[in-house]
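Trainee: Structure, please.
(2 chains)
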There are 2 protein chains.
Amino acid sequence: MTSDIEIARAAQKRPIQDIGSRLGIPAESLIPFGHDKAKVSSAFIDSLADRPDGKLILVTAINPTPAGEGKTTTTVGLGDGLNRIGKRAVICVREPSLGPCFGVKGGAAGGGYAQVVPMEEINLHFTGDFHAITSAHNLLSALIDNHVYWGNALDLDTRRITWRRVMDMNDRALRGIVTSLGGPSNGFPREAGFDITVASEIMAILCLATDLDDLERRLGAIIVGYRRDKSPVFARDLKADGAMAVLLKEALQPNLVQTLENNPAFVHGGPFANIAHGCNSVIATKTALKLGDYVVTEAGFGADLGAEKFFDIKCRKAGLSPAAVVLVATVRALKMNGGVAKDDLGAENVEAVKRGSVNLARHLENLAKFGVPAIVAINHFTGDSMAEIEAIRAVAAGLGSEVHVCRHWAEGSAGITDLAEAVVRMADKPSDFRPLYPDAMPLFAKIERVATEIYRAGEVTAEKAVRDQLADWEAKGYGNLPVCMAKTQYSFSTDPTLRGAPEGHSVHVREVRLSAGAGFVVAITGEIMTMPGLPRVPSSERIRLNEAGAIEGLF
Amino acid sequence: MTSDIEIARAAQKRPIQDIGSRLGIPAESLIPFGHDKAKVSSAFIDSLADRPDGKLILVTAINPTPAGEGKTTTTVGLGDGLNRIGKRAVICVREPSLGPCFGVKGGAAGGGYAQVVPMEEINLHFTGDFHAITSAHNLLSALIDNHVYWGNALDLDTRRITWRRVMDMNDRALRGIVTSLGGPSNGFPREAGFDITVASEIMAILCLATDLDDLERRLGAIIVGYRRDKSPVFARDLKADGAMAVLLKEALQPNLVQTLENNPAFVHGGPFANIAHGCNSVIATKTALKLGDYVVTEAGFGADLGAEKFFDIKCRKAGLSPAAVVLVATVRALKMNGGVAKDDLGAENVEAVKRGSVNLARHLENLAKFGVPAIVAINHFTGDSMAEIEAIRAVAAGLGSEVHVCRHWAEGSAGITDLAEAVVRMADKPSDFRPLYPDAMPLFAKIERVATEIYRAGEVTAEKAVRDQLADWEAKGYGNLPVCMAKTQYSFSTDPTLRGAPEGHSVHVREVRLSAGAGFVVAITGEIMTMPGLPRVPSSERIRLNEAGAIEGLF
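Mentor: Residues are numbered from 1 along each chain as shown, chains lettered A, B, ... in the order given. Next up, the predicted model:
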């Protein structure tokens, strides 16, 4: 079998100026990074303001299982499929993180014959956006300790500094550290730590900012810590916002690349899907909507987390109105949801598919609550039987949704034209998008709304301290923010082993965090890891350059 | 007066493809980063192997003073001057570091009408080289702690891990830290710390590597720490070399930009000039020598450190044979060496210039020991008097060196044609370059040779532990390496307040470090700071984007 990287290397890439030209972007408005990557200039983006928007299509998925679903692959495949049937379609996906490439996972740029290229570069330094975010984040960190060192005029309580440092690397040793050791010239020792760069609030800010001014305003609104009286200290109090914006100026411009079939794709931004909203940048999405008639984008994790945040955070805040949703599933993943072990997925098991399809059905029911029509894409594997697929079709039909079997992984756009045609039919009808809750609802009520309506929890619990914290933020003017749920992606519940469609469970809100710059309140249920570690045998041991200078072992 | 940044912004830049084309680099061999920066592809560089080399000219300086000397400015100016008189000349300078831009210093891309552009981008993310070095360095750091976490099969003594982490930021809080706090899942707590990225051994390796294979070999040879029996553990033992080389693959390709006068300049690599050798990359220099008839490059700090390391480390290891040296001085700096306070530099003071010129004379004497002819460039300031300049001319004439007054800062290439003509005359004669000591000399004897011959020390002292350490490295096969002196740049002695030309002083070698991958032994005299801090009012407070989206406050 041809590997993803072999397919990617064999791609007949076109100069990125040709890809831009098809979208009407003049060469001087493309800032090239090599011959196959470019940023679209802010000036050009500003010039598009008066154009009408295309239709926005979200690709989301059932709860992930070890069997794999192929959400990014389907996003890329659908974009190629829409182009194949003559539509002017643009793809918007997230940028992958460099650090995890050296741990266990391979790249995140699609797969098979539905990929964006250049794959290796997209997965490593790409156009430097994540490095810029790391720099801006750590500049603020350095300014905080420097401020304390020189006298702490802002009276920061060093025990209540909430702004950590970041690195785009899986390094568990940096999760919990003590800094400023070694004597007076190194400052005041305190507990601190690092998160991985994608967990930075600046990543979320970059992805929600509408322009440079908005970016700088949001950066200034970051809360870096609190005084003893609990009053917040902001990044703007440290006069950090201007310099941070300078460091992020280039990164804010979306990156244009191409699919294996030479169709345009924006790959821009990649916030965590747990403590952040898990979508590509608003600027890339809005630019794509000005340039294409159809824009296909994705959201992190399953629809309970990814789609909900896409609607309630990204679309609400950016004023986007999605026209259609594609819910990706695989026969294998539904079997796992139906109780089949990973090693037994090869055998036909219609009953297990039926049992597991309760997960699919639950997501379809949930998506309907946002007023956007949904369609099911079965990302096809060779072993899938007709009977298994028919079982899924019956479940979806009961909820008014079509099911299309897609072979883009093996066949590229030729394998996904049915879905593309159906999506066009659906997206061209008026939709009735509405977020799940109004801005004015109290914060805890918003959490309850998501937990009961989407997760189908029977109750939502929280310590008094958590409720008091929410009340305090409401008193300080943050009550109108949306909530960003941090929950396991493997289940509707907070128990990652509960597959299928659990209901009546209890959701405990362990902690809440205010991302005042990004503009949401994070509600944490369960353990959330913001700095991954490396496995016993990291993939870095296999990664090297071969004699031709090409990268081996990355995927 | 027009500021550097105003001059830089007013530059009429040509497309980088045009600059490359003048050097015979085809557009497909240039990897563009925007329209005014590009990397030269490794494949193209490989294709140049059989071409003859141009003449290599080093620009160095007297010991730096707060009055400023303008070494980079003169390097850029001389390159422009050589082009103006019809020579095919290429400039090679170092890349500036991002972190210090937010502290006190402005940029490092020349000044006045002798600058390389785009100035802001060169000083910030540029083409991402430093970010790549940071990533490669910290990948190795993560692999070390991960190895210990999973059982420490290599039996590393965690008290003797010498490999730290790096960040391109001035952050004193990270100098001394304790990592892996928070319980078993975060590893084994230990003392650690961060240096600034330019202090990374990987920076020195990138600048000394001759190609990708040599880079990977050097990365593997890095010593990350020692076992209890003092035997070294190498990066290759952690199988880190391949993945690190992958991260550095793009960074190894030199960056091409242009001067204000549209002449070609390579800006590539920027190792510390104390714990490393302080020169731009060997690959950039060698590429420039294949493409130009004259190559003008610089070395860090004054000639006692910069030129000595350029000759004894870079030229020795890369097989380079410099043809001429330009020693930069200013009347003001010589006055300071002659005992005048900074506030009194405006008044003519011929006697002070004469007194201070002992510093200039000492450097000229030293340069003669390397067998390369030297010439003096006076970087002209408006207040300089003819009598002051004549005083310098007399001192230099006594040592057989010409003096040329250069007005490139105010006038660009038109102000430096005399120097350019003189340099050509000098460089076109055969030179007799020889390093100061042979490879076979014992390590401590090499240190003594540099200290007595160049610094004019009367004695070199070291604790027994230091001498034993050197003997141990010699026994392990590292005795043939050159030494890299870490000494204050402000004096020939180890006392930064001793200006002029001290002699007979004592040099105490406090510590030695083995940079086995870079290929030198660092001898540390005095305090060496490898992670700077920020001042009370960091320049970040003034840095921001103006309404036109341009960067304010960076310079």
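Trainee: Would you mind giving the domain segments of chain A?
Mentor: What the record gives for chain A is the domain set A:4-127+A:251-427, A:130-248, A:443-525, from automatic domain parsing.
Trainee: Out of those domains, which is closest to B:Arg542?
Mentor: B:Arg542 lies closest, by CB to CB, to one member of those: domain A:130-248, at 7.8 Å. Where you see a C-beta, it was placed from the backbone N, CA and C, and this is true even at glycine.
Trainee: Enumerate the residues of the stretch 251-400 of chain A near chain B.
Mentor: Counting by CB under 8 Å from any CB of the partner chain, the stretch 251-400 of chain A comes close to chain B at no residue.
Trainee: so which residue of the stretch 251-400 of chain A comes closest to chain B?
Mentor: Minimum separation of the stretch 251-400 of chain A from chain B (CB to the nearest CB) falls at A:Ala251, amounting to 8.6 Å.
Trainee: again, but for the stretch 401-550 of chain A
Mentor: Taking CB to the nearest CB, the stretch 401-550 of chain A has A:Arg544 as its residue nearest chain B, at 2.7 Å.
Trainee: residues contacting the closest residue to that residue other than its chain neighbours?
Mentor: The shortest distance from A:Arg544 to any non-neighbouring residue, by CB to CB, 6 or more residues apart in numbering or on different chains, is to B:Gly242 (2.7 Å). Counting by CB atoms under 8 Å, 6 or more residues apart in numbering or on different chains, B:Gly242 touches A:540-545, A:553, B:216.
Trainee: Which of the residues you listed are buried, as a ChimeraX select command?
Mentor: The ChimeraX selection below is limited to those of the contacts of B:Gly242 classed as buried (16 or more other CB atoms under 10 Å in any protein chain shown):
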select /A:540,543,544,545,553 /B:216
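Trainee: In three-state terms, label the residue nearest to A:Arg544 for me.
Mentor: B:Gly242 falls in the helix class when you classify it by DSSP: H, G, I helix; E, B strand; the rest coil.
Trainee: Read off the pLDDT value for it.
Mentor: Listed pLDDT for B:Gly242 reads 97.
Trainee: Repeat that for A:His35.
Mentor: Predicted confidence (pLDDT) for A:His35: 96.
Trainee: any idea how far A:Gly79 is from it?
Mentor: 21 Å (CB to CB, to the nearest Å).
Trainee: between these two, which one's more packed in?
Mentor: A:Gly79 (36 against 17; other CB atoms under 10 Å in any protein chain shown).
Trainee: My guess is A:His364 contacts A:Ile375. True?
Mentor: Careful, residue A:364 is Leu; it's not His. No: A:Leu364 lies out of contact with A:Ile375 (CB atoms under 8 Å); the separation is 9.5 Å.
Trainee: Overlap in contacts, those two.
Mentor: With CB under 8 Å, 6+ apart as the test, A:Leu364 and A:Ile375 both reach A:327, A:401.
Trainee: State the three-state secondary structure for the residue of the stretch 251-400 of chain A closest to chain B.
Mentor: Under three-state DSSP, A:Ala251 falls in the coil class.
Trainee: ok, it - contacts?
Mentor: A:Ala251 neighbours (CB under 8 Å, 6+ apart): A:127-129, A:132-133, A:206.
Trainee: Would you reformat the residues you listed as a markdown table and include secondary structure?
Mentor: Shown next, in a markdown table, are the contacts of A:Ala251 (three-state DSSP):
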| residue | secondary structure |
| --- | --- |
| A:Thr127 | coil |
| A:Gly128 | coil |
| A:Asp129 | helix |
| A:Ala132 | helix |
| A:Ile133 | helix |
| A:Leu206 | helix |
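Trainee: Chain B next: which of these are close?
Mentor: Okay, of the contacts of A:Ala251 touching chain B (CB under 8 Å from any CB), that's A:128, A:132.
Trainee: For B:Ala318, state which of the contacts of A:Ala251 is nearest.
Mentor: Checking the contacts of A:Ala251 against B:Ala318 by CB to CB gives A:Gly128 as the nearest, at 28.9 Å.
Trainee: you'd agree A:Val257 is up against A:Val267?
Mentor: Yes: using CB under 8 Å as the test, A:Val257 is close enough to A:Val267 to be in contact (5.6 Å).
Trainee: intersection of neighbour lists for these two?
Mentor: By CB under 8 Å, 6+ apart, A:Val257 and A:Val267 have these common neighbours: A:116, A:122.
Trainee: what ranges do the helices span in the stretch 351-500 of chain A?
Mentor: A:386-398, A:408-411, A:417-427, A:443-453, A:464-475 (DSSP state H, counting those that start in this stretch).
Trainee: export those to JSON lines and tack on distance to B:Tyr478, mean pLDDT and mean neighbour count?
Mentor: As requested, the helices of the stretch 351-500 of chain A are arranged in JSON lines below (distance: least, CB to CB, whole Å; pLDDT from 0 to 100; neighbours: other CB atoms under 10 Å in any protein chain shown):
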{"stretch": "helix A:386-398", "distance to B:Tyr478": "65", "mean pLDDT": "96", "mean neighbour count": "17"}
{"stretch": "helix A:408-411", "distance to B:Tyr478": "53", "mean pLDDT": "95", "mean neighbour count": "21"}
{"stretch": "helix A:417-427", "distance to B:Tyr478": "63", "mean pLDDT": "98", "mean neighbour count": "21"}
{"stretch": "helix A:443-453", "distance to B:Tyr478": "61", "mean pLDDT": "98", "mean neighbour count": "20"}
{"stretch": "helix A:464-475", "distance to B:Tyr478": "58", "mean pLDDT": "97", "mean neighbour count": "15"}
